[in-house]
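> sequence below, structure please.
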Amino acid sequence: MIPLRDSTPRRGVPFVNHAVIALCTVVFGWELMAGPEIDAIVEQYGLVPSRFLALVDRHSIVSAELWVPFVSSAFLHGGLGHFVFNMIFLWVFGDNVEDRFGHLRYALFYLAGAVFAGAAHLVANPLSVVPTIGASGAIAAVMGAYFVLYPRAWVTSVVLPFFWIRFSVPALLYLAIWFALQVHRGTSALGGDASVAGIAWWAHAGGFAFGALTILALGRQRHPQEQRD
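All right, here's what the predicted structure looks like:
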């Protein structure tokens, strides 16, 4: 199911969310123009679990060389569909989460989500030599936060290729099913099911869990304007 919009009104302009989408768009354009150099770009800026573990043995744990790929990989995408669908999910769910966090805290939360999602992928696939790219893990953190913040919201969706059929489902149900599918497919991939391999399912699940747990740890604070009403 592809989300089109949600029922939660936003109170301000989501500057950071728009900036992330714009930056991903610029980077994707750069990828398209890279031609045969794209493989080298993905290798350099993607997250490679086995490379990270090898670098840990040679560098301090606080070395930037270790952690940059966790963030840089979140702004690269593997194709048009990968890019477009990620940006749709971020557009639908990110604005309201930014509303609650505020601009700076949302930016920090988004980047932290990318790191934690990458860490979940690394733990699940420590020996992988395949570069992982995509904003899905960070966006999953946003979705996890939305899951806790807006349990009464509704999400209007379509099921491709039947894009003309639109329907609304509770956000709580929509996101719970989405998370359950990531865990199921991730578990199947660990068991060697080739039909679900090749996607960082545990980055999705780990990002979502990070987002939800972050909100629970901070408390479901009301929007500043709600506190004045």
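
> what ranges do the helices span in this protein?
Listed in chain order, the helices of the chain (DSSP state H) span 15-34, 38-45, 49-56, 64-72, 80-101, 103-124, 136-149, 171-190, 201-218, 224-228.

> give me the contact list for the second one.
Taking C-beta atoms under 8 Å, 6 or more residues apart in numbering as the criterion, the residues outside helix 38-45 that touch it are E31, A34, P69, S72, S73, L76, P131, I133. All C-beta spots, glycine's among them, are computed from the backbone N, C-alpha and C.

> most tightly packed of the helices of the chain?
The highest mean neighbour count among the helices of the chain, using mean count of other C-beta atoms under 10 Å, belongs to helix 136-149: a mean of 28.

> counting contacts, what elements does that helix pack onto?
Contact analysis of helix 136-149 by 3 or more C-beta pairs under 8 Å, 6 or more residues apart in numbering; DSSP states H and E lists helix 80-101, helix 103-124, helix 171-190, helix 201-218 as its packing neighbours.

> how about these, which one is nearest V148?
Closest to V148 of the helices and strands packed on helix 136-149 is helix 201-218 (C-beta to C-beta; 4.2 Å).

> mind giving me the packing neighbours of that closest one?
Here helix 201-218 touches helix 103-124, helix 136-149, helix 171-190, going by 3+ C-beta pairs under 8 Å, 6+ apart.

> now do the first one against helix 64-72, angle only.
Relative orientation of helix 103-124 with respect to helix 64-72: 110 degrees, computed using axes from the mean of the first three to the mean of the last three C-alpha atoms, to 10 degrees.
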